[in-house]
Structure formats: structure tokens, C-alpha cells
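S.K.: here is a sequence with its predicted model. Questions after.
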Amino acid sequence: MDIDDILREVDPTSSGVPNETSDLQSLTRLWVAERSAPELLEWPSGGLFERINDRIKAQIEKIEILTGDMDPKTNFALIVIQTELERYKFLVRSYLRARIAKIDKHTLHYLSSEELRNRLSETELAYATRHQALLHNHYLSSFLSSFPTQLQNLNDTAGNVSMIDSPDLDAAVFIRMLRDRPVTGQGTDADITLNASNGEVLILRWSSAKSIVEDGDAELV
Amino acid sequence: MSYYDVDAILTDGEKVPCTFELDVPYLGHLDNSTTGLKPGTALSLPLWLAEMLALASTGDSKAPLILNMPPCLSEQVIAALRADPRSVTLREQNVHLYGVGVRMLDLFDERELGNTLRKTFVVRAGEVGLHARKADDGSLGGQGEEFLRGLEEWERSLFRRAHEGVKSAKEWTEKVKKS
Amino acid sequence: MALPLPPGLVPSEVAFLCEMEHVTIVPRQRLESIELLSGATPSLRPPRREDIPLWLALLLKKQRRANILPPPWLHVDSLRDLIHHETVTDPTGWSLPPPPPVRADGRGNARRLNSDATTVLSPPFLPSCTSSAPAGALPYHWFEFAEMLLAHASDDVPSASDVRSLLRDLQEVRAAKMRTSIAGLESGVDGVMSLLGVGAMELSESRGFVTGVVEGVRKLGASAEASRREEEEERGGADDDEPSDDDMGI
């Protein structure tokens, strides 16, 4: 068989791909991206998470119904369903935990502007705000309150160093191209443009990669 | 630089040679002298202080002191690095050699120094990567161990990252075989 | 409960991803279609071949309900060709990955990642480990896929011990390439580097090291870069995106 024949069987866009597959691809991509990006990425719009959570709930209910059935044949189906469910739950959980890790690390940074706050989901924003308040109270009662007032700030910027730690947006990341296009990366001695092809893995600064990833022309790996 | 970065704080405490340009009364104790500091006095000060004073301007637009290249970035060291980056025991020169280097490059327009440091880092990094791969199979040898002992802090952390990667991939492969 | 892991997937996560790769099986028992979150599984009718996710295939294999057909690239001849390619034909680069599906979005529409519009598929959602995958090209998840298959279904892999030793050779050859790939940074070319053909586990293994080197070079060159940008600004941004020769710092 000719390679082209094989390839033609696959349509890379999801027209023809069932919704379930494209949702799983989206969720997986979000998870890998969040695990790889140096900063917190935007909370997905478009109801992907609501959809996935609803389906997970429905699947759990289905398992409860099936558990009453002792037929060994359906029992195997049950094992398969449960295995898959655990895999989904892992993806969702790991994604959320990766986000919480970033929020914990740079809480004040993500609360510092409207643009950054908008990246958080409603529950994440509530979490970050309360977490920061708790932490601040703890600092106050354990040591900050014994400092002179002008030294009690946690967001001072004196001496050219801001106390609000922020992620390094120039950190190096790996991306994989989703289509052919030129990619420009900022470098020390020169900014280089490379004609990258679909499937190619590149290493560059996140600051150079971000817009390409946001356009959907590449994904973090 | 990040506010809570321990390595950056430690680098800040590294001493650099300075020469005072001004008469500074009441600071004689820095130089074990009972009178004040006289212009021309050579003193080693921590980076954070030296940098501040070197960049500060007094009334007649003269900075209180001149900051000089620290010995770890002297002509001799740089020449040795140019000849063979692997042969220099960086740790003996300065535990935070690259960190201090970055700070100096910010203050001085020394392109050649910058190029040499970059080249040194990359060449030695290749060596670090190789050793990180070999570290667990006992094939390192005396020369390898000596090289690793001579790594400065950036390189040590690079070694840890490289070794961690190799180790966890190996552990995964072993685990799959057993399962 | 924040995730206490460094950025980038760790090996167990890479393997988790790889388990979503589709693989071809030959069922030994009938099994009705199962409604899963990721869609319905095909109903299994021996001996009709079906493509299913690796995690499910391994589950069926464990229960002796199916045999797995290794992808063509995992055959001895294919691996020998690959090693020849990596050592003789192109000793510096990795061998090319399987070609991406050709009908890439014909309308040329870039699609937003987070919109619920259609999504471009990429590994592990491309059929690069099924029996219809091409020989002589290593897909993104080649290493972990081969390891898992050999661990759980070695009786389905023809000349498994040869395959195993060829894989070891391939792994060694390619590991050296990761280290030499960073040597390019010595001359100061660090804007964007291609690692065309690199595999997921290889990336995971070397990520900390490679990003560490790139970031070290960036920090050491930060002041040089800042003054270069200033100079370019002064020249009125005369040269746009295309770097001219003297920009290359040679």
C-alpha cells in the first residue's frame, strides 16, 4: 500500500472525528500545556470542562447501575469502563493540580491585574484570594506585626527587585508544530526565523512561542 | 532576579575589589584604620554594596568608589578558559562564578568576557551531561570525579537536573520490565 | 493539593500519554462494543482486526482476549534500517518522524486551542502505532510504546530479543545526539533550535538538562542581547525579521 493511501484515511481536523475524541485531544493538550508552560495558562472557555465533568458524572452513575449485574461478560466491560474513568479523572485532577501549583507559587502575581485574574476559573480565583489572605494573616501574626509598619509590605518594589515573584516568561519550552509555518525565536546574538514543518519539535523561549501556541499552530510538549 | 532566590542572594554577598574615590570619614573600621577611608583605598566589598556605591553619584557627579573585576574573572582565568574550558577548576575561582559574571557583564561593557563565559558554559555543560549519564553505572573514573568536584553552582544544578532526568527515565524503564 | 512536579512531563506521565496511542489487535474472543467516555469501542469479532487504545489492548492481552500486532516500524528490518540511517546516513540528526497526515486543514484556518471548534489531532491521537503505520519512521512515542509492548506482549513481537537489543542500540545512538544538539549554542545560535524527530521519552529524559543549558546561555548573554536590541532600535529597525550575517555574531 502506498503511504499516501494510508495517510489519506486520516483527517487531521476533527470534522469526521467524533466529539468524544476531539474533547479528549483538547483535554490532553491542555494538560500537557499546563504541565509544560512556565506560567498559568488561560482557563478554557467553551464549556469543555463542564462537558467532561458531566460525562464523568454520568459514567459514575452508569457504573453504579452495572455493579449490581454479576454476569462475567458485563463484568469485564465494567473493568474497562472503570479503567477508562480513572484515566479521565487522572487527567482532570493532574491538570487542576498543575494549575494550583502555579497559583500557589505566584499568588500575588496572578492576583495583581485584571488580565491575569481573568486566567483563573471562578473557583481558582476564590481559592487564590482566600489562600493569600490566610497566608498574610499567618505572616502577620507570626512575624510581620513585630516589624515597623513600612517594612510590613509583601509587595514592595524598592531596590529594583519586586517582592512579587513572577514566572520567567523567557524560560525555554518545547513545542511541536501543528502546521507548517515560519517560527521566529528571540536569541542572544540574533533572532532566528526557521521554516518549521508540521510535527517538528522546536526549543525556544516561551515568550517567542506563546503567540504561535495561542494561534493553534503549535502545542507545548 | 527574583526576590526569594537564595542563589541570587548568595551571589549578592560575593566580594569584589573596589577603590574608594572619596574621603569617607567614620568608615575606617572597614580597612582596620582609625582614621576615615582615604581616596585610593582598596577594599573588598560585597556586590550589593559595591554596586550601589559604584552607581551612586555624589554632588560633583563622581561615584564614591570604583568597582573592579574580581580575581575570578581576571585576565589569567579568562585566558585559561579560552584555552580549555574543561581544565579550569571553576569552583576554586568562585562558587558563583557565572552569577558574578552576569552581574559584572551588567556593569561593564565586556563583550569578549561575555562570549568566553558563554562558550565555557556550553562546552562544560556538554561534559556535565555526559557525566550525568554515566554517574550511576560506575564508569565515571577519577578524572570525571575531579571534574565534577570543580563545578560551580550553576553547573552543579545543571548536573542535578541532567542526572534527575536520566535517573527517572531509567527507573521507569526498569519498572515497566518488572510489571 | 498542588502538584509537586517540575515543569514538563515526567516519564510516568509520558507513558500515560502513550497508552492513548491506537494499536491494532486481533481479538481471540467476541466482545460487544462498550460505551466509553472517549467513544464506543469497536465490537470485537475474531479474527477481524481492530484499532483500539494501547491501555485497552494491554488489558485485553492480559486476559488473553486478544493479540497485539506490532506496528511495522518495530520489526527487525525496520529497526536495522533506522540504525543505519542514524549512524551512517545522518549521524547528526534524528531520523524523520512519520509524515503527518496530508490533508492538513485545507482551508488554512488556524484554530484556537480553547474554542470548542474542531481540533487538530496530534500524537497520541494519530495512528502511528497501528499496523498501517509506515515502517522505517519512529513515531513520537516510539520508546515507551516499544518498552510497554515488549514487557506485556513480547510473545506478539516477532524476534523479540533481537528487537530488544536493536532498540538498545537505537537508544544509545540517539542519546548522544541530544548532547551534541546543544553544542550549537556554543556559537551563540540560541533563538530557536529544531529537534526534528526527537521522541517523547527522550525529551522527558533530557528536558531539565537542555532547558538548563539554554537558560544559562540566555542569562550569560542577557546584557549582550540588551545592547544588541538597543543598537537595532537606534538603527531604526532597518532589518526586520530576517537576520543579516553580521547579526549572527560570527
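M.R.: Cool, the structure landed.

S.K.: from here on, contacts and neighbour counts on C-alpha atoms
M.R.: Will do.

S.K.: tell me where chain A has helices.
M.R.: A:3-8, A:19-36, A:48-67, A:72-105, A:107-111, A:114-117, A:122-142, A:206-214 (DSSP state H).

S.K.: need these in CSV (columns: distance to chain B).
M.R.: Shown next, in CSV, are the helices of chain A (distance: least, Cα to the nearest Cα, whole Å):
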stretch, distance to chain B
helix A:3-8, 31
helix A:19-36, 15
helix A:48-67, 27
helix A:72-105, 11
helix A:107-111, 13
helix A:114-117, 19
helix A:122-142, 15
helix A:206-214, 17
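
S.K.: what would these look like in JSON lines with mean neighbour count, distance to residue C:59 and mean pLDDT?
M.R.: JSON lines is the format used below for the helices of chain A (neighbours: other Cα atoms under 10 Å in any protein chain shown; distance: least, Cα to Cα, whole Å; pLDDT from 0 to 100):
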{"stretch": "helix A:3-8", "mean neighbour count": "13", "distance to residue C:59": "27", "mean pLDDT": "47"}
{"stretch": "helix A:19-36", "mean neighbour count": "21", "distance to residue C:59": "20", "mean pLDDT": "93"}
{"stretch": "helix A:48-67", "mean neighbour count": "14", "distance to residue C:59": "18", "mean pLDDT": "91"}
{"stretch": "helix A:72-105", "mean neighbour count": "17", "distance to residue C:59": "8", "mean pLDDT": "93"}
{"stretch": "helix A:107-111", "mean neighbour count": "21", "distance to residue C:59": "42", "mean pLDDT": "95"}
{"stretch": "helix A:114-117", "mean neighbour count": "12", "distance to residue C:59": "43", "mean pLDDT": "96"}
{"stretch": "helix A:122-142", "mean neighbour count": "14", "distance to residue C:59": "36", "mean pLDDT": "95"}
{"stretch": "helix A:206-214", "mean neighbour count": "20", "distance to residue C:59": "35", "mean pLDDT": "97"}
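
S.K.: tell me which of those lies nearest to residue C:150.
M.R.: Closest of those to residue C:150 is helix A:72-105, at 21.5 Å (criterion: Cα to Cα).

S.K.: ok now the closest one, how far from the chain's centre?
M.R.: 16 Å (Cα atoms, centre = their mean, to the nearest Å).

S.K.: specify the angle between that helix and helix A:122-142 in degrees.
M.R.: 50 degrees (axes from the mean of the first three to the mean of the last three Cα atoms, to 10 degrees).

S.K.: can helix A:72-105 be found next to chain C?
M.R.: Yes: with Cα under 8 Å from any Cα of the partner chain as the criterion, chain C is reached by helix A:72-105 at A:77, A:80-81, A:84-85, A:94, A:97-101, A:104.

S.K.: sorry, back to before: pipe the helices of chain A into JSON lines and attach distance to residue B:151 per row.
M.R.: What follows is these, written out as JSON lines (distance: least, Cα to Cα, whole Å):
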{"stretch": "helix A:3-8", "distance to residue B:151": "50"}
{"stretch": "helix A:19-36", "distance to residue B:151": "28"}
{"stretch": "helix A:48-67", "distance to residue B:151": "47"}
{"stretch": "helix A:72-105", "distance to residue B:151": "29"}
{"stretch": "helix A:107-111", "distance to residue B:151": "34"}
{"stretch": "helix A:114-117", "distance to residue B:151": "39"}
{"stretch": "helix A:122-142", "distance to residue B:151": "37"}
{"stretch": "helix A:206-214", "distance to residue B:151": "28"}
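
S.K.: list the buried residues for stretch B:91-106?
M.R.: Across stretch B:91-106, burial judged by 16 or more other Cα atoms under 10 Å in any protein chain shown covers B:91, B:93-106.

S.K.: residues near residue 186, how many?
M.R.: Since no chain was named, I'll use chain A. 21 (other Cα atoms under 10 Å in any protein chain shown).

S.K.: switch to chain C, that's the one I care about
M.R.: If we define neighbours as other Cα under 10 Å, then residue C:186 has 17 of them.
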